[in-house]
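*Asks:* Sequence plus the predicted model coming up.
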Amino acid sequence: MASAHSPSDLDRQLQELRSALTAARAEPGQMPALCESIAAWVGGLFTDPYTPAGELPWFEVEGQTGARVGAKDLLPELDDYLPLLAACGHRAFALEQGAIVRRTLVGGRLIANPDPGLLPWITRSNPFYYTDLILGLLACHRLGLGGWWLETARDQVDTVLRRFSAHGLLVKEVHPGSGLKLPVSESNSLGLAEILVELGQLTGDHGYVATAERLVGPWLEVAEREGAVPQLLILNPALALVPRFAARRRRALLYKHNLMFLNALWALAGGEARWKDVATRCSERVCEHFAGPDGVLHYVVVQERGRRHHLRPTLKCTLLAELLCDVAVALGREGYLTRAAELVEPWLAARHPLTGLIPYDLDGRASDVDALTDFAVTLLKLHAANRQPAYASAARDLMAAIIVHHGAPYGLVRAVDVTTGQRLDHHVETRHVSLALKPWLLLPHAADLYARRDLLTLVRDR
């Protein structure tokens with residue numbers, strides 16, 4: 001489908017947006033209008049070039065031409081685009097998309113994940129692929145878009161529990177046609193535990209919470225022994241002899257795996273005091289587990305012969321600092337704010353003076369637009385928690401740098417060289433464009449973010 005907007009039209013809109021950014025930095029009173037302009041720009045991209053009539057948005061496009069890349073759409077990424085656009089005023093688009101989502105999900109079929117899995121020659125579905133879909137359904141329900149969103153979320157949760165459960169856990173992969181289950185469980189499936197707690201709150205059905213506790217239990221036992229949850233638990237001993245499975249049992253990933261584990265614990269902690277003690281203890285141990293000798297958080301920790309090997313400090317690891325801000329405010333723990341500030345400072349020091357961008361790897365040159373957006377949210381939450389204006393200022397500067405250097409006629413390209421601003425990846429993941437709305441939604445409320453639970457729930461990263 002051809003877009004109604006030419007690349008030159010879209011490029012002109014981007015240049016106008018960049019000019020508005022410059023004006024707003026010189027005159028802060030223009031910031032509310034700028035937030036509205038950015039919401040309009042993102043909404044315009046979704047309602048035309050990204051979304052053919054009667055379809056869901058494309059997952060990926062070429063940033064300069066808008067040509068579709070691949071065949072994926074945003075159904076499994078529902079929470080990454082639709083509630084954010086609805087919250088920015090694009091409710092008609094959200095309702096139109098809702099009708100397509102509802103039609104697509106009829107029948108309870110498993111949604112196939114087109115990306116290669118542990119057995120790359122087999123078509124598969126996995127529970128993690130449902131996390132953002134169900135969170136998006138719940139978010140649209142909270143935004144008042146209709147009662148069916150909640151019922152559909154419940155249906156999808158029932159589908160996941162029915163099709164993926166084995167040995168008290170959720171298996172990593174199921175073959176959609178045969179129902180054959182791969183007998184390993186991945187810790188990123190714990191996103192469903194947090195969803196179950198939320199459903200319990202929304203419906204008053206305590207059975208959801210009890211199921212969440214059962215799903216978390218085996219992972220908690222391992223975390224208490226090892227300090228963090230591994231990527232995989234192997235449910236069939238024979239698979240422990242297969243190197244690709246054994247290696248994933250020995251390694252722990254901070255993002256998203258251990259963060260989903262901690263978020264599940266803190267969701268349970270909202271209901272019972274014993275879970276608050278567990279969540280506090282595990283949060284502190286995960287911080288210690290992933291901190292290298294220099295105190296910087298690393299993405300991967302591998303256990304070999306009783307020793308920990310810390311690999312790859314990445315910007316995404318600072319999402320743990322965001323979690324610490326939330327806990328500090330909820331529990332009144334000043335020490336958690338101090339630790340959160342310590343975790344973000346190495347990355348603030350890594351900002352390049354020419355572009356204002358931060359590399360994805362601490363010793364690298366390539367940025368990652370999604371990680372930059374998440375870091376801007378973390379900075380705004382740190383400012384709201386400790387009242388230090390430098391963090392809000394750093395967030396605003398980073399938000400501007402994202403638009404200036406990642407901006408292309410058809411959205412925000414994935415990666416640029418932080419030292420020059422030169423594009424390293426010309427493709428745009430459309431969800432990264434809608435996700436970039438998060439800090440702009442928060443910015444007008446930067447001083448009192450923790451009084452706006454609706455906004456904080458809307459922008460949570462899972």
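*Replies:* Received it, and whenever you're ready, just let me know what you need. Numbers count the residues shown, from 1 in each chain.

*Asks:* which non-adjacent residue is nearest Val428?
*Replies:* Gly411 (3.8 Å; CB to CB, 6 or more residues apart in numbering). The way it works is simple: take the backbone N, C-alpha and C, and place the C-beta from them, glycine included.

*Asks:* Identify the residues contacting the one you found.
*Replies:* Listed by CB atoms under 8 Å, 6 or more residues apart in numbering, the contact set of Gly411 reads 45, 61, 63, 428, 430, 432-433.

*Asks:* Using TSV, please lay out those together with secondary structure and pLDDT.
*Replies:* As requested, these are exported to TSV (DSSP: H, G, I helix; E, B strand; the rest coil; pLDDT from 0 to 100):
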residue	secondary structure	pLDDT
Leu45	helix	96
Val61	strand	98
Gly63	coil	96
Val428	strand	98
Thr430	helix	98
His432	helix	98
Val433	helix	98
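
*Asks:* What pLDDT does the model give Asp294?
*Replies:* Asp294 carries a pLDDT value of 89.

*Asks:* Am I right that it sits in a strand?
*Replies:* No. Secondary structure assignment places Asp294 outside any strand; it is coil (DSSP: H, G, I helix; E, B strand; the rest coil).

*Asks:* gap between it and Glu342?
*Replies:* 11 Å (CB to CB, to the nearest Å).

*Asks:* Looking at the two, which is more packed in?
*Replies:* Glu342 (14 against 10; other CB atoms under 10 Å).

*Asks:* and the helix or strand hosting the more buried one, how far out from the chain's middle?
*Replies:* Assessed by DSSP states H and E, Glu342 sits inside helix 334-349. When C-alpha coordinates are averaged (CA atoms, centre = their mean, to the nearest Å), helix 334-349 and its chain have centres 20 Å apart.

*Asks:* what does it rub up against?
*Replies:* 287, 295-297, 313, 315, 317-318, 320-322, 324-325, 327-328, 358, 362, 375, 378-379, 382, 385-386, 391, 394.

*Asks:* Buried only: go through those for me.
*Replies:* For the contacts of helix 334-349, a neighbour count by 16 or more other CB atoms under 10 Å gives the buried set as 287, 296-297, 313, 315, 317-318, 320-322, 324-325, 327-328, 358, 362, 375, 378-379, 382, 385-386, 391, 394.

*Asks:* Could you point out which residue ranges in this structure have low pLDDT?
*Replies:* 1-5, 26, 28, 121 (pLDDT under 70).

*Asks:* OK, contacts around the closest residue to Tyr360 other than its chain neighbours?
*Replies:* In this structure, Tyr360 finds its nearest non-sequential neighbour in Asp368, 3.9 Å apart by CB to CB, 6+ apart. The contact partners of Asp368, by CB under 8 Å, 6+ apart, come to 315-316, 360, 414-415.

*Asks:* Among those residues, which one sits closest to Arg460?
*Replies:* Lys316 (14.6 Å; CB to CB).

*Asks:* does the closest one really touch Ala371, like I thought?
*Replies:* Yes. Using CB atoms under 8 Å, Lys316 is in contact with Ala371, at 5.0 Å.

*Asks:* Just give me the residues shared between the contact sets of these two.
*Replies:* Common neighbours of Lys316 and Ala371 (CB under 8 Å, 6+ apart) are Tyr360.

*Asks:* Which residues are in contact with Leu182?
*Replies:* Taking CB under 8 Å, 6+ apart, one finds 117-119, 124, 171-174 in contact with Leu182.

*Asks:* can you dump the C-alpha coordinates of stretch 372-388 into CSV?
*Replies:* Presented in CSV, the C-alpha positions along stretch 372-388 are these (Å, rounded to 0.1, in the frame of the first residue of the first chain):
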residue,chain,number,x,y,z
LEU,A,372,18.0,5.3,25.0
THR,A,373,14.3,5.7,25.4
ASP,A,374,14.3,3.4,28.4
PHE,A,375,17.2,5.3,30.0
ALA,A,376,15.4,8.6,29.5
VAL,A,377,12.5,7.1,31.5
THR,A,378,14.9,5.9,34.2
LEU,A,379,16.4,9.4,34.5
LEU,A,380,12.9,11.0,34.9
LYS,A,381,11.9,8.5,37.6
LEU,A,382,15.2,9.1,39.4
HIS,A,383,14.6,12.8,39.3
ALA,A,384,11.0,12.3,40.6
ALA,A,385,12.4,10.1,43.4
ASN,A,386,15.4,12.2,44.6
ARG,A,387,14.4,15.6,43.4
GLN,A,388,17.8,16.3,41.7
